[in-house]
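# got a structure for you, letters missing:
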């Protein structure tokens, strides 16, 4: 009985050796690919770690600057509040001085008005008359100066209060930003990278023939 697809032992041996060589080449290529993948993963992990460290350093640096800015703003607000308290005391003092000056001026005006009611020759422009007029002029000038100083002090007080309000808003924004930076650091601290698995050291499974023997045995 003749089989047209039959081969000689030499042909079978050559074909088998060819298959073994091909399989070994593919296995070697696979190992090389796995080595390359492992190296690439390690390089990528190193780059990610470097970027993570740089990012966390930048966040810590910004957090430090924000803390310094908050402390500086709080100090400025305290100084401004002290200035506001001093200005309020000055305003109360000016108001007291102004109120205290109004009474003598009213008294001088009353005396001058009473002198104008003198009849006839007694309505005399004497030294007392000129003294009262001069005193009235001096008191009016003092009152005008006090009013001007009081207006300037009130304007300065309003400017200080407005500046303090702006600093309060700025401090609130800085504190919010600082809180976000601190929360960001805490979140990043909880997020850790999964360790890389080295696949380059996998065991090579040797080829076996159909009878489970290692190395092909050719007749």
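Now that the structure is in, tell me what you want to look at. Note that the structure is a prediction, hence the values are computed from the model and not measured.
# Regarding residue 6, what is its secondary structure?
coil (DSSP: H, G, I helix; E, B strand; the rest coil).
# contacting residues around it?
Applying C-beta atoms under 8 Å, 6 or more residues apart in numbering to residue 6 gives no contacts. C-betas here are computed from N, CA, C, even on glycine.
# Need the residue closest to the centroid of this structure.
For the chain, residue 177 is the residue whose C-alpha lies nearest the centre (C-alpha atoms, centre = their mean; 3.7 Å).
# Quick check: it touching residue 66?
Yes: Residue 177 lies in contact with residue 66 (C-beta atoms under 8 Å); the separation is 5.8 Å.
# follow-up on the earlier one: mind listing what the residue nearest to the centre of the chain touches?
So residue 177 contacts residue 66 (C-beta under 8 Å, 6+ apart).
# cutoff 10 Å now
62, 63, 66, 69, 70 (C-beta atoms under 10 Å, 6 or more residues apart in numbering).
# What does the pLDDT read for it?
As predicted, residue 177 sits at a pLDDT of 92.
# Let me know the secondary structure of it.
Under three-state DSSP, residue 177 comes out as helix.
# Could you save the contacts of residue 177 as a markdown table and add columns showing neighbour count and secondary structure?
Converted to a markdown table, those look like this (neighbours: other C-beta atoms under 10 Å; DSSP: H, G, I helix; E, B strand; the rest coil):
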| residue | neighbour count | secondary structure |
| --- | --- | --- |
| 62 | 14 | helix |
| 63 | 17 | helix |
| 66 | 19 | helix |
| 69 | 16 | helix |
| 70 | 16 | helix |
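# State the distance from residue 49 to residue 132.
92 Å (C-beta to C-beta, to the nearest Å).
# swap that for residue 11, please
146 Å.
# These two: which is more packed in?
residue 132 (16 against 10; other C-beta atoms under 10 Å).
# before we move on, which element is the more buried one in?
Using DSSP states H and E, residue 132 falls within helix 127-190.
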